[in-house]
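*Asks:* Provided below for reference: sequence and predicted model.
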Amino acid sequence: MPQRVTIAYNAVNAKLVDADREAQLLVSKLLSYEVEGAEQMVAFKSGHWDGRSSFFEMRLNRFPAGFVHLVSQQLTKRGYQVQVLRKPLPIPKGPERPIFDKFGYTDTNYAYQPDTADRLVRHGRFIAQIATGGGKSRVAQVVTARIMRPTLFLTTRGVLMYQMKEHYEEMLKGLTKHHAGMSSMAKHTVGVLGDSVWDPRKFINVGMVQTLTARLKEPNPFDPPRKQALQAKIRASTIRLLEYFELVILEEAHEASGNGYYEILSYCKNAHYRLALTATPFMKDSGEANMRLMAVSGPIGIRVTEKQLIDSGILAKPYFKYIDLSEKPLGLLRKTKWPNCYKIGVTDNVHRNAAIIKEAVRAATYKLPVMILVQRKEHGKVLERTLNDNGVKTAYIFGDSDQVARRKALNQLASGEISVLIGSTILDVGVDVPAIGMVILAGAGKAEVQLRQRVGRGLRSKKSGPNIALIVDFTDRGNEYLSAHAAQRRAIIEQTPGFADNVLPSGADFDFKALGIDK
C-alpha cells in the first residue's frame, strides 16, 4: 500500500503531516537552491557545507504555501498517496462578470481576462504569465471586482502605483454605474502606501514594496529607546494592516524574487487570494530568486503569449531590423572591459548614434511616432540634442523626471506635438504609452526581461493605418561583450513565436510601401 502523506496549508505556510524520512528528504531537495556567494564562505571552503539551502524547514516539516502544487505533484510521482487540506477559500463578494468599463466581455480575444478571475476563484493563487500589452492592469481590475474583498496592489514603481490608483478609482465608478447593488462603490477612495505617502483606506490600497519593507524593519538595538519604540510601533501597525488584506496582486511580479515581496507576503496571513502578474516569470539568473516568486505566488496558472496576442490583433505585428555596425569606434578593442566598452561602443559611438538618428528622422517623415530607449542618461541627452538640431521635435524623460513631466511628454507624442520620445528604463514597464510606430532599441544590453518589455512598448494596437510596429536593434561588433549581448538579444527574438517570422534578413530594410505606410 502506498505511503500516505498529508499537506495542510494556509495562506502563508504548508506543512507535511505523517511524512516519513524519505518524503522529508525529497521535499528538502526539491525546494533547495544554490546560495549566491557560497563559494566565498568558510563552511563551503572547508568542505563542511555544500553551498545549498532549502525552503523546506526539516525540523518543522514546513515550507511556503506557494510550493504546495509542486510538492504534491512530485510526491505523487514518487508513489506517495497525497492528501491536500486547506480551509475553503473566502467566498467572492463581487459579480461573476463585473461590468465597470465600455469593454465588457463580448470580445472572445480577451477571454483570458475573466478566465484569470475564474481560475483564481477556484485555486486561490497562481502566476498569470501575460505578454506585455495583454492588459495586465485590466486583469487586476477584473479580479479585484470579482473577489470584492480587501485588496492590496503591490509594485516596486511609483508610476505604476499611481497609475493603478487611477484605474481602480475608474473601476469603482463604473461598478456603481453598471451594478444596482453597488451604489456605494464610488464612495471608496483608493489608499496609497508608498512614495512618502501613508494613507491606508478600506477595500483597495496600492502600495510600494520599498515603503512596506522599510516599515517592517526591526528596531535597531543601538538606536535611542524612543526611536526604537517608534519603529516597533510602525512595524506593528504595518503588520496589522497586511493582515487585513484578503487579495494581494503583485504587478511586474518577476521582481517578487527579492526579499521585499517575500517578507511582505509572509505577513499577509489572510491573503488566501494571490495573483502574480508578469510577462517574464522565472527569468532571473539566481535559482533562489526564481523560487521566491513561486513561494509567494504559486505556479503559472495561465499563460498568454505574444503570438496569441499578435494573431488576435490585440498587439501590432512587429518587424525587426538589425543594423550591422561594421565601423569600429576609435579606442574600442575586442577585450575592452565593461563599462568602458559600453561607453565607447554604445554611448559615445558616433557611427551607432548616426544610425539611430537616421532611423528616427526617416520614421518622422512617415509620421510614425518614435520611441528611442536608452540605458544611460548621458546617451539620451546626446540623441535628444542631435535630433532637435536636425529639426525633429524630441523630448526626453528619465529617472529624475516627475510624474507631470512624464505624462506631458507621452501626451505630446500621442498628439503629434513631438515626433520622438527618448526614454530610459523609466518607460520599460507599466507606463500607458500611445501607439508607437517605431521603437529603436538604442541601449544594448542582454537582459531578456528588459528586452521583452522594451519591444512591447511598440506593440500597442494601432487605431489607424496598418497594425504593425517597426523595431530597430543593432548587431554590435568589435568587442566581445557587446557582440555577445547583441547575439543574445537577437536569439531571444528569433526564438519567440510571433516575433521570429518577421525578422528581416541581414542588410534588408523596411519596405514602407509594402507595409502600407504612406508619407
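*Replies:* Nice, thanks for sending it over.
*Asks:* so where is the stretch 301-450 of the chain shaky, pLDDT-wise?
*Replies:* Within the stretch 301-450 of the chain, the stretches with pLDDT under 70 are 400-402, 426-432, 434.
*Asks:* Verify the stated contact: residue 269 with residue 65.
*Replies:* No - using C-beta atoms under 8 Å, residue 269 makes no contact with residue 65, being 10.5 Å away. Heads up, the C-betas are built off the backbone N, CA and C, glycines and all.
*Asks:* which residues are in contact with both of the two?
*Replies:* 10, 11, 12 (C-beta atoms under 8 Å, 6 or more residues apart in numbering).
*Asks:* ok, the second one to residue 209 distance?
*Replies:* Taking C-beta to C-beta, to the nearest Å as the criterion, residue 11 is separated from residue 209 by 18 Å.
*Asks:* hmm, back to that, looking at residue 269 and residue 65, which has the bigger crowd around it?
*Replies:* Neighbour totals were compared for residue 269 and residue 65, and residue 65 leads with 25 against 15 (other C-beta atoms under 10 Å).
*Asks:* wait, what's in contact with that one?
*Replies:* Residues counted as contacts of residue 65 (C-beta under 8 Å, 6+ apart) are 9, 10, 11, 12, 13, 14, 125, 298.
*Asks:* So which of those residues sit within helices?
*Replies:* Using DSSP state H, no member of the contacts of residue 65 falls in helices.
*Asks:* Now, of these, which are buried?
*Replies:* The neighbour count (16 or more other C-beta atoms under 10 Å) marks 9, 11, 12, 13, 14, 125, 298 as buried among these.
*Asks:* what's the residue closest to the geometric middle of the protein?
*Replies:* With distances taken as C-alpha atoms, centre = their mean, residue 252 lies nearest the centre of the chain, 2.3 Å away.
*Asks:* I'd guessed it sits against residue 154; true?
*Replies:* No - assessed by C-beta under 8 Å, residue 252 is found out of contact with residue 154, at 9.7 Å.
*Asks:* How far does stretch 125-136 stretch from one end to the other?
*Replies:* By C-alpha to C-alpha, to the nearest Å, the extent of stretch 125-136 from end to end equals 16 Å.
*Asks:* Equivalent analysis for stretch 508-519, please.
*Replies:* Rule used - C-alpha to C-alpha; the end-to-end distance of stretch 508-519 is 20 Å.
*Asks:* Which of the residues in that stretch are classified as buried?
*Replies:* Neighbour-count burial for stretch 508-519 flags 510, 512, 517 (criterion: 16+ other C-beta under 10 Å).
*Asks:* Name the spans of the chain whose pLDDT lies under the cut-off.
*Replies:* For the chain, the stretches with pLDDT under 70 are 1, 253-258, 284-285, 400-402, 426-432, 434.
*Asks:* Could I get the full set of helices for the stretch 201-350 of the chain?
*Replies:* Secondary structure of the stretch 201-350 of the chain (DSSP state H, counting those that start in this stretch): helices located at 209-215, 225-244, 259-266, 287-297, 306-311, 340-342, 350-365.
*Asks:* Save those helices as CSV, and put in distance to residue 277 and mean neighbour count too.
*Replies:* Below are the helices of the stretch 201-350 of the chain laid out as CSV (distance: least, C-beta to C-beta, whole Å; neighbours: other C-beta atoms under 10 Å):
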stretch, distance to residue 277, mean neighbour count
helix 209-215, 14, 19
helix 225-244, 19, 14
helix 259-266, 13, 20
helix 287-297, 10, 22
helix 306-311, 15, 20
helix 340-342, 32, 21
helix 350-365, 31, 18
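*Asks:* would you turn the ones you listed into CSV with distance to residue 90?
*Replies:* Formatted as CSV, the helices of the stretch 201-350 of the chain follow (distance: least, C-beta to C-beta, whole Å):
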stretch, distance to residue 90
helix 209-215, 22
helix 225-244, 13
helix 259-266, 17
helix 287-297, 18
helix 306-311, 31
helix 340-342, 50
helix 350-365, 51
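*Asks:* and of the ones you listed, who's closest to residue 453?
*Replies:* Taking C-beta to C-beta, helix 306-311 is the member of the helices of the stretch 201-350 of the chain nearest to residue 453, at 11.9 Å.
*Asks:* Need the residues that contact the closest one.
*Replies:* Contacting residues not belonging to helix 306-311 are listed as 131-134, 315-318, 459, 496-499 [C-beta under 8 Å, 6+ apart].
*Asks:* The same query, at a cut-off of 7 Å, please.
*Replies:* Outside helix 306-311, the residues that touch it by C-beta atoms under 7 Å, 6 or more residues apart in numbering are 131, 133, 134, 315, 317, 496, 497, 498, 499.
*Asks:* how about residue 376, phi and psi?
*Replies:* phi -110, psi 140 (degrees, to the nearest 10).
*Asks:* For the residue nearest to it when sequence neighbours are not counted, list the residues it contacts.
*Replies:* Excluding its sequence neighbours, the residue lying closest to residue 376 (C-beta to C-beta, 6 or more residues apart in numbering) is residue 347, at 5.3 Å. Residue 347 sits next to 376, 378, 379 when contact means C-beta under 7 Å, 6+ apart.
*Asks:* In which helix or strand does the second one reside?
*Replies:* Pointing back at residue 378 there. According to DSSP states H and E, residue 378 maps onto helix 377-389.
*Asks:* Toward the C-terminus from that helix, list the very next helix or strand.
*Replies:* As assigned by DSSP H and E, the chain's next helix or strand after helix 377-389 is strand 394-397.
*Asks:* Enumerate the positions of the helix or strand following that following strand that are buried.
*Replies:* The C-terminal neighbour of strand 394-397 among helices and strands, as given by DSSP H and E, is helix 403-415. The neighbour-count check on helix 403-415 (16+ other C-beta under 10 Å) flags 406, 407, 409, 410, 412, 413, 414 as buried.
*Asks:* what do you get for stretch 435-446?
*Replies:* Residues of stretch 435-446 classed as buried: 435, 436, 437, 438, 439, 440, 441, 442, 443, 444, 445 (neighbour count, 16+ other C-beta under 10 Å).
*Asks:* From the rest of the structure, what touches that stretch?
*Replies:* In this structure, residues lying in contact with stretch 435-446 by C-beta under 7 Å, 6+ apart are 342, 346, 356, 359-360, 363, 368-375, 379, 383, 454-455, 457-458, 460, 462-463, 469-473, 476, 482, 485, 488-489.
*Asks:* May I have the secondary structure class of residue 507?
*Replies:* Here residue 507 is coil, with the state taken from DSSP: H, G, I helix; E, B strand; the rest coil.
*Asks:* mind starting the numbering at 426 from now?
*Replies:* Fine by me, first position is 426 from now on; the one you just mentioned is residue 932.
*Asks:* which residues sit in contact with the closest residue to it other than its chain neighbours?
*Replies:* Nearest residue to residue 932, sequence neighbours excluded (C-beta to C-beta, 6+ apart): residue 749, at 6.9 Å. Residues counted as contacts of residue 749 (C-beta under 7 Å, 6+ apart) are 900, 931, 932.
*Asks:* if we go to 8 Å?
*Replies:* 899, 900, 902, 931, 932.
*Asks:* for the stretch 826-944 of the chain, what spans make up the helices?
*Replies:* Using DSSP H, counting those that start in this stretch, the helices found in the stretch 826-944 of the chain span residues 828-840, 873-881, 905-919.
*Asks:* Out of those helices, flag the one nearest residue 499.
*Replies:* Among the helices of the stretch 826-944 of the chain, helix 873-881 comes nearest to residue 499, with 27.2 Å by C-beta to C-beta.
*Asks:* re earlier: now tabulate the buried residues of stretch 860-871 in a markdown table and tack on distance to residue 571.
*Replies:* As requested, those are arranged in a markdown table below (distance: C-beta to C-beta, whole Å):
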| residue | distance to residue 571 |
| --- | --- |
| 860 | 30 |
| 861 | 32 |
| 862 | 36 |
| 863 | 38 |
| 864 | 34 |
| 865 | 40 |
| 866 | 37 |
| 867 | 41 |
| 868 | 39 |
| 869 | 42 |
| 870 | 38 |
